[in-house]
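>>> Sequence plus predicted model, see below.
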Amino acid sequence: MSLKIYSDGGARGNPGPSAFAVVVCKNGKITYRHSEFIGINTNNVAEYRGLIYGVGYAMDSEEKDVEFVMDSELVIKQMNGEYKVKAENLKKMYDDVKAMTSAFRSVKFTHVRRYDPMITLADELLNERMDEHIEKGTVKIG
């Protein structure tokens with residue numbers, strides 16, 4: 001796969017202030033990064049929102065072979081059909097990802113550990129975004 005999209009989501013509290021980040025690599029080089037604050041959500045919602053953003057990016061890039069890489073075992077196993085999606089609030093996002101990725105020639109969902117360098121970068125980016133909103137008083141913890 002020449003296009004790899006790493007994504008991560010996080011929430012401080014569950015639910016709590018949340019954000020996601022995406023790091024895109026093409027042929028082994030970082031070509032794009034994005035992070036976004038998404039309000040009060042659960043960690044799993046933030047993880048899915050990151051994946052959805054990454055899928056949208058891949059669709060816009062017109063790449064046909066894409067690998068999505070995450071440290072969320074739950075999301076990856078759901079996308080690979082190993083786990084059922086039981087939570088109603090995640091079902092629509094799961095369905096959206098499945099529908100969107102059907103446009104690709106090949107798609108792969110890969111689980112990695114948190115210490116993967118690109119996941120570490122994504123985690124730093126999303127935490128910076130959460131910090132900005134917490135420091136500005138846009139949202140409060142607790």
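Thanks, I have the structure now. Residues are numbered from 1 along each chain as shown.

>>> Nearest residue to the middle of this protein?
G50 (2.6 Å; CA atoms, centre = their mean).

>>> On the three-state scheme, that residue is what?
With DSSP: H, G, I helix; E, B strand; the rest coil as the basis, G50 sits in helix.

>>> residue contacts, it?
Going by CB atoms under 8 Å, 6 or more residues apart in numbering, G50 touches 7-9, 20-22, 70, 122, 126. For every residue, glycine as well, the C-beta is placed using N, CA and C.

>>> Which of the helices or strands spans the residue found closest to A58 once you drop the neighbours it is linked to in the chain?
In space, and not counting its chain neighbours, A58 is closest to V66: 4.6 Å by CB to CB, 6 or more residues apart in numbering. Using DSSP states H and E, V66 sits within strand 65-70.

>>> Show me which positions of the following helix or strand past that strand end up buried.
Beyond strand 65-70 on the C-terminal side, the first helix or strand identified by DSSP H and E is helix 73-79. The neighbour-count check on helix 73-79 (16 or more other CB atoms under 10 Å) flags 74-76, 78-79 as buried.

>>> how about the contacts of G50 in JSON lines, adding distance to A46 and pLDDT?
Putting the contacts of G50 into JSON lines (distance: CB to CB, whole Å; pLDDT from 0 to 100) gives the following:
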{"residue": "S7", "distance to A46": "10", "pLDDT": "98"}
{"residue": "D8", "distance to A46": "8", "pLDDT": "98"}
{"residue": "G9", "distance to A46": "3", "pLDDT": "98"}
{"residue": "F20", "distance to A46": "5", "pLDDT": "98"}
{"residue": "A21", "distance to A46": "10", "pLDDT": "98"}
{"residue": "V22", "distance to A46": "12", "pLDDT": "98"}
{"residue": "M70", "distance to A46": "11", "pLDDT": "98"}
{"residue": "A122", "distance to A46": "11", "pLDDT": "98"}
{"residue": "L126", "distance to A46": "8", "pLDDT": "97"}
